[in-house]
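J.: Any chance you could fold what I've pasted below:
(one chain, ligands or ions: 1)
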Amino acid sequence: MSSNRTVSNVTPIGSFAGRQRAPLLPRELSDRELALFVTASDRREVSPGEMIFRRGELGRSMFVVESGQIRLEFGDGMPDKLIGPREFFGELTLFIGDHTRVANAVATTASVMHVIEQQAFDQLLDSEPRLLAQFMRRSFSYLVASEQQLIASLKRRNEDLMVTLDSLRQTQTQLSTAQRLVQTDELTGLCNRRGLYMFLEHLGDSRLPGTELGLLLIDIDRFKQINDRCGHLVGDQVLRAIAEEVQGAASPCDLPCRLGGDEFALLTQVTGAEELASRATQIVTAVRAMRFPGCEGLKVSVSIGARLCTETTDWAIWYSDTDCLLYEVKGRGGDGYRAPD
Ligand SMILES: Nc1nc2c(ncn2[C@@H]2O[C@H](COP(=O)(O)OP(=O)(O)OP(=O)(O)O)[C@@H](O)[C@H]2O)c(=O)[nH]1
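T.: This next block holds a predicted model:
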């Protein structure tokens, strides 16, 4: 510890001597300040990596670096600061007392520092009030400027985050739109085969208690002839009209879909075979009654296979069993449905 900390005659000393430069860096001490602090301090050597104080600790002293380099780590994504020769740190604790350190101070190289305690600082205030007032004013200006810089950079970061968030939201919307499109049949707006497979993957989540799963496979009779006779545009109208009927026969938890070409399916949750049959009848009857102004006299009909699906088997079995029933109807001339006896 220095024996006499009250300094009146201040001149540069030790390894700081002869290094007067102008203008001073924000945290650089003038020759007079330096001499004053050095004389009123304890000299301390620190090794590379040595922790001088930690964030959250109660501060007791201020430090002036004679040689080497100290890193102030503020954490929370804020940039570190490097403190070099003639510069100081940890001064707030002497200005306001009971100050909690806001950074870790770590020696990055072997360094020599001068440690100024509260009592020595108070004595300097008495003996050199003008010099100390200047020093404190400079320190406070620096701290205020740093705070303003921090606020500006936080504001910028916040704006950047908002922009990123916005673009993430847009990407998410684009992705869900793309996903919806990929699973939707363009002509009818019903789910396509890809959508059906996605639905099947999550079928367990949408199962209604007390119901059975039923499948209707619906195929338009002699659709090729409709296209040939009335043209593809009318053919498209027919496909859209039938899609509406399949959709109309569906409950909110059901999945009406167009599997491709003139083939539709309705995966439905019903109380039993009777309700499944009534859905099939509803579609057959509605299609039979359809009329198309673009093709007078056109009669449209569908063949439907209808069966309940056991959940111990999977789509491939449900499909092939129901398809057999559908082809039984086709074999009899179409325009009806067939369910297992
Ligand atoms: N207009 C139109 N026709 C389509 C579309 N997709 C497939 N088709 C036609 O649908 C017809 C299906 O013919 P087929 O598979 O022979 O079936 P079908 O004529 O209904 O015969 P059956 O099923 O035995 O009664 C083909 O002529 C396809 O060109 C489409 O999006 N629009």
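
J.: helix/strand/coil for the residue of the stretch 51-200 of the chain at minimum distance from the ligand?
T.: Closest residue of the stretch 51-200 of the chain to the ligand, Cβ to the nearest ligand atom: Leu187 (5.4 Å). Where C-beta positions appear, they are placed from N, C-alpha and C, glycine not excepted. Leu187 carries the three-state label coil when classified by DSSP: H, G, I helix; E, B strand; the rest coil.

J.: Quick check: it touching Asp262?
T.: No: judged on Cβ atoms under 8 Å, Leu187 makes no contact with Asp262 at a distance of 11.2 Å.

J.: shared neighbours of these two, which are they?
T.: Leu239 (Cβ atoms under 8 Å, 6 or more residues apart in numbering).

J.: Those two: who's more crowded?
T.: Asp262 (20 against 12; other Cβ atoms under 10 Å).

J.: Just give me the neighbour total for Gln134.
T.: 14.

J.: Make sure it is indeed in a helix.
T.: Yes: remark: Gln134 belongs to a helix, assigned using three-state DSSP.

J.: How about it: what's its closest non-neighbour residue?
T.: Glu33 (8.0 Å; Cβ to Cβ, 6 or more residues apart in numbering).

J.: Doesn't that neighbour belong to a helix?
T.: Yes: when three-state DSSP is applied, Glu33 is found to be in a helix.

J.: all strands of the stretch 51-200 of the chain, in order?
T.: 51-53, 61-67, 70-73, 81-83, 88-89, 104-107, 111-117 (DSSP state E, counting those that start in this stretch).

J.: where does the chain come near the ligand, residue by residue?
T.: 187, 219-224, 227, 232, 235-236, 239, 261-262, 330 (Cβ under 6 Å from any ligand atom).

J.: of the residues you listed, buried ones?
T.: For these, a burial check counting by 16 or more other Cβ atoms under 10 Å picks out 219-223, 227, 235, 239, 262, 330.

J.: any chance you could map the helices in the protein?
T.: Assigned by DSSP state H, the helices in the chain fall at 31-39, 92-96, 118-127, 129-182, 193-201, 223-230, 232-248, 273-288, 315-331.

J.: Would you list the phi and psi of Phe74?
T.: phi -90, psi -20 (degrees, to the nearest 10).

J.: Give the full set of residues in contact with the residue nearest to Gln134.
T.: Contacts of Glu33 (Cβ under 8 Å, 6+ apart): 131, 134-135.

J.: The same query, at a cut-off of 10 Å, please.
T.: 10, 24, 64, 86, 88, 124, 128, 131-132, 134-135, 138 (Cβ atoms under 10 Å, 6 or more residues apart in numbering).

J.: just these: which has the poorest pLDDT?
T.: Across these, the smallest pLDDT goes to Val10, namely 39.

J.: Thank you kindly, that will do.
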